[in-house]
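Student: With the input below, show me the fold.
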Amino acid sequence: MEFFRKKSYRSQILFFSAAFIIATAVVAVMIVVLGSRHSFNQSTCARLAQLVQMKSLEFESGLNSQIALVMQMTKSPAVLDFMVHPYDDRIRDGAVREFASFQDSFLSNSVFWVSDTDKMFYSDCRPAYIVNPLEPEQYWYSMTLECGKPYNFNINYNSELKKTNLWINAVVNSGDGHPAGICGTGIPLDGFFDSLYEDIEPDVSMYFFNNLGEVTGTTDKRILEKKVSVTELLPELDGVSAGGIEDRISFVTSGGVFEIRSVPTVGWYLVAYKPYTAGEMFSGILPVISLVLVLMAVFIITVFNLFLSRILGSMSAVMAKTKDDASSQAGIVGKVRKSVSANLGSIRILGDLLFEQTSAIEESEKHISSLLEQIRVLDSSRADSIQSASDLRESSGKGAEHLSELDAKIGALSECAERLHYANDFISNVTEQTALVSINAAIEAAHAGEHGAGFAVVAKEIRNLAEKSQEHEEEVSDVIGEITGMVQEMRKYALVVKDSFERIVESGSLVSRNFSRMAEAIESQNSLGHTIGDNLSGITESVRKTAAQFSAMKEENESVSDEMTRVSRNAGALLDSAESVMEKIR
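Tutor: Now for the predicted structure:
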């Protein structure tokens, strides 16, 4: 608090104005960053949701045709007959022909089957190896027969065939409802998943994974062969339970945006992840509008502070000069007053001597000589006083001119405040138009239905921007009102000071008139002194006349003394007023 008491008013105003500009800029930058990030989250969630939905549909549409062919193959009588009687050559030949007819219909032009009776695995109509369900690598066989579903999927590397495929394993049921064997096809991953990843953005990561969290779909076959966990690739999914995802979920982390969607056809999940990028965060219309508003606010406040600083500087200079002039005038008036008082004392003494020494001619002559000397000194003081009064009147006139200039500058400042009103009205109109645009956008988004969901988010953000702009417009309006009030107060102070200067000019004119009358009295005294010197023979009569003249001179000097006292009081009041004004504007 001691720091602020020592600071002048002008320094405090400039200090708080600078602090307000910095605080406004910081808050505005934070609002722009937070708003940009929120807009990025909303738009990215919508884009990822659309991407995941489209890719899951592409995956399922490509897979469903293969599943339908496999299921049709399991219902073939020739296939069922062979699964039950694998050792009959005639039945085996008919089944091979049946499998061969299906082989060309699969994407991979490949088919496999295995009978639960002999466990012989046939690949592309040729025996390849005997399945051993106890080997870990051939876990798929027992899993397919025991899963209780018509088919299942697995991705693995078949060391016997030296292939890594997406295997569709379908159960062939015997007539009594027990599994008779397995048949299906293997879809090569090289082309199947590559087509899904062709048109996604370079910085978007997308993976298929199963209930165990193992990655089941990506363009990197090494990840599929090693059964890498999806949490190793996307650690932020560590707390997400695959079993709790019924259809789709979206969530935002400190690193980016996630979108997860279930793929019910295969019991998998599809995840897409996009990290934060500064370029996209600040590429929308919201950051641009926010930045423009911030720059406009900082510009308006800065211009206001420059005007305020310039006006305060001009007023301080004018008041300082006024104070100096008032001090000088007070000193001059004090000197004149002392001279008049000294003259009154001398006149009284000289009058007493004249009345007492009417019989002493020689002594009277000496006193007359002394009187003439006093008159010369008085005349010299009178000339100095006239010059001082002229200087006082000239300084007062200059002070009045400076106050007129100050009043003109205050009027210019008032016009600037009025132009700020017009600028604020323009911002208000922009805010209203922005709100109208957000309403129209929301209506169009509603008409568009599901396809307008992303547009509805943009409309909501525009509406929020309009509301915030309206709040800032009201704050700017309040600040402009305060500026207008300050200008009016400054005009009042200028009028008070101007009135004081007018009184000084009037007092200076009165002093000049008094000095003129005093000059006439001094000339009369000088003439009287010379007459006394030339007419020593009639000294008695002359002394009486001189006494009468000195009585009149005494009254005149007392009048001059009273006038100088009044002028001194006016100069003191002017000095106090100047000091008060300077205290307020410093």
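
Student: is it true that residue 169 lies in a strand?
Tutor: Yes - counting by DSSP: H, G, I helix; E, B strand; the rest coil, one finds residue 169 located in a strand.

Student: pretty sure it contacts residue 145?
Tutor: No - using Cβ atoms under 8 Å, residue 169 makes no contact with residue 145, being 9.2 Å away. For glycine as for every other residue, the C-beta is placed from the backbone atoms N, C-alpha and C.

Student: Run through the stretch 51-200 of the chain and note the low-pLDDT ranges.
Tutor: Low-confidence segments of the stretch 51-200 of the chain, defined by pLDDT under 70, span residues 156-164, 189-192.

Student: And the helices in it?
Tutor: Read by DSSP state H, counting those that start in this stretch, the stretch 51-200 of the chain holds these helices, from start to end of the chain: 77-84, 89-103, 139-146, 189-196.

Student: Can I get those helices in TSV including mean neighbour count and distance to residue 69?
Tutor: As requested, the helices of the stretch 51-200 of the chain are exported to TSV (neighbours: other Cβ atoms under 10 Å; distance: least, Cβ to Cβ, whole Å):
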stretch	mean neighbour count	distance to residue 69
helix 77-84	19	13
helix 89-103	15	6
helix 139-146	16	17
helix 189-196	15	15
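
Student: Mind putting those into CSV with distance to residue 238?
Tutor: Formatted as CSV, those follow (distance: least, Cβ to Cβ, whole Å):
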stretch, distance to residue 238
helix 77-84, 44
helix 89-103, 43
helix 139-146, 26
helix 189-196, 24
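
Student: can you tell which of those helices is closest to residue 265?
Tutor: If you check each of these against residue 265 by Cβ to Cβ, helix 189-196 wins as the nearest, at 14.0 Å.

Student: longest helix anywhere in the protein?
Tutor: In the chain, assigned by DSSP state H, the helix with the most residues is helix 361-448.

Student: what helices or strands is that one leaning on?
Tutor: Helix 361-448 sits against helix 285-356, helix 453-534, helix 539-585, with contacts defined as 3 or more Cβ pairs under 8 Å, 6 or more residues apart in numbering; DSSP states H and E.

Student: make it 6 Å
Tutor: Using 3 or more Cβ pairs under 6 Å, 6 or more residues apart in numbering; DSSP states H and E as the contact criterion, the neighbours of helix 361-448 among helices and strands are helix 285-356, helix 453-534.

Student: can you state the direction angle for it and helix 453-534?
Tutor: Taking axes from the mean of the first three to the mean of the last three Cα atoms, to 10 degrees, one finds that helix 361-448 is oriented at 170 degrees with respect to helix 453-534.

Student: End to end on stretch 258-271, go ahead and measure it.
Tutor: Taking Cα to Cα, to the nearest Å, the first and last residues of stretch 258-271 lie 7 Å apart.

Student: contact partners of it?
Tutor: Contacts to stretch 258-271, defined as Cβ atoms under 6 Å, 6 or more residues apart in numbering, come from residues 48-49, 52, 56, 60, 153, 207-210, 216, 242, 245, 247-251, 272-273.

Student: ChimeraX command for the buried members of the residues you listed?
Tutor: In ChimeraX syntax, the buried subset of these is picked out as below (16 or more other Cβ atoms under 10 Å):
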select :48,49,52,56,153,207,208,209,210,216,242,250,272,273
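
Student: Which of the contacts of stretch 258-271 fall in strands?
Tutor: Secondary-structure check on the contacts of stretch 258-271 using DSSP state E: residues within strands are 153, 207-209, 216, 248-251, 272-273.
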